[in-house]
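Visitor: Let me see the structure of the following:
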Amino acid sequence: LACGLAFFLEYLDDRFKLPEDVEKHLGLPFLALVPAAGMESAGAWSLSSPGVPPGVVEAFRALRTNVLFASAASGVRTVVVTSPGVGEGKTAVAVNLAIALAQSGQRVLIIDGDMRRPRVHALLDVPREPGLSHLRVGTADIADVAHKTSVPGLFVLPAGRRPPNPAELLGSRRFHDMLRQFDDRHLDWVILASPPILAVTDSVVLSHLVSGVLFVVGADMTRREVARTALKLL
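Guide: Residues are numbered from 1 along each chain as shown. Okay, the predicted model is just below:
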């Protein structure tokens, strides 16, 4: 009876556990498995910090390689990094992917598109303001809000002051035109860290303006039906 109960409880647990589950249940190409070390503290570390576990470094190098091979488009390549729910490590993945790309000689701009709960500026040690919201309403220029980081080739556009209508700002024609202007600034990649898909509509709006979406799924955290619902929204 105990063995039967254990198998029954395992059957009821439909969370993602193995990399194969992503391809099997979502039909998406699996790009990398990132260890959770450090994620529990809201991404307290980055690849530019000392003492990063070697396994984490190799995981993001593998992610960088697969992302490079997955996008063969010419010009600046734009990628949204998002997840179905909160706490799955999407911000840490976005920041460290941007660092890994910059460390390979690419010129990268990471944009904090989560204007409700911005954290990119804290991970990369830059001021939050002025930022994206100031750029969008015309009170600042791109040269004023794109901050250099300690990583050569990596620039960050923080969220700025929280606006009352983030989704409307991100979905406006002016924001779309801003993304197209990055071709003239000799950038190779633009990484957008966005809010969770099921929490707000920002990621869904952004996904139609970029060349790709990186879907972060928390192991032993995200249920399959929740992930499928998020993909349907995208």
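Visitor: what's the next secondary structure element after the lengthiest helix in the chain?
Guide: As assigned by DSSP state H, the longest helix anywhere in the chain is helix 54-70. Toward the C-terminus, helix 54-70 is succeeded by strand 77-82 as the next helix or strand (DSSP states H and E).
Visitor: Would you mind getting the angle between whichever helix or strand comes after that following strand and helix 54-70?
Guide: Once the chain leaves strand 77-82, the next helix or strand it forms, by DSSP H and E, is helix 90-103. Between the axes of helix 90-103 and helix 54-70, defined by axes from the mean of the first three to the mean of the last three Cα atoms, to 10 degrees, the angle is 70 degrees.
Visitor: ok and helix 90-103 relative to strand 77-82, angle-wise?
Guide: Computed with the same axes, to 10 degrees, the direction of helix 90-103 lies at 150 degrees from that of strand 77-82.
Visitor: what sits up against the helix or strand following helix 90-103?
Guide: Next helix or strand after helix 90-103 toward the C-terminus (DSSP H and E): strand 108-112. Applying Cβ atoms under 8 Å, 6 or more residues apart in numbering, the external contacts of strand 108-112 come out as 94-95, 98, 101-102, 118-121, 124, 131-132, 146, 153-159, 182, 185, 187-193. C-beta: built from backbone N, CA, C; applies to glycine.
Visitor: Kindly write the ChimeraX command that selects the buried subset of these.
Guide: Below is the selection syntax for ChimeraX that covers the buried ones among these, with 16 or more other Cβ atoms under 10 Å defining burial:
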select :94,95,98,101,102,118,119,120,121,124,131,132,146,153,154,155,156,157,158,159,182,187,188,189,190,191,192,193
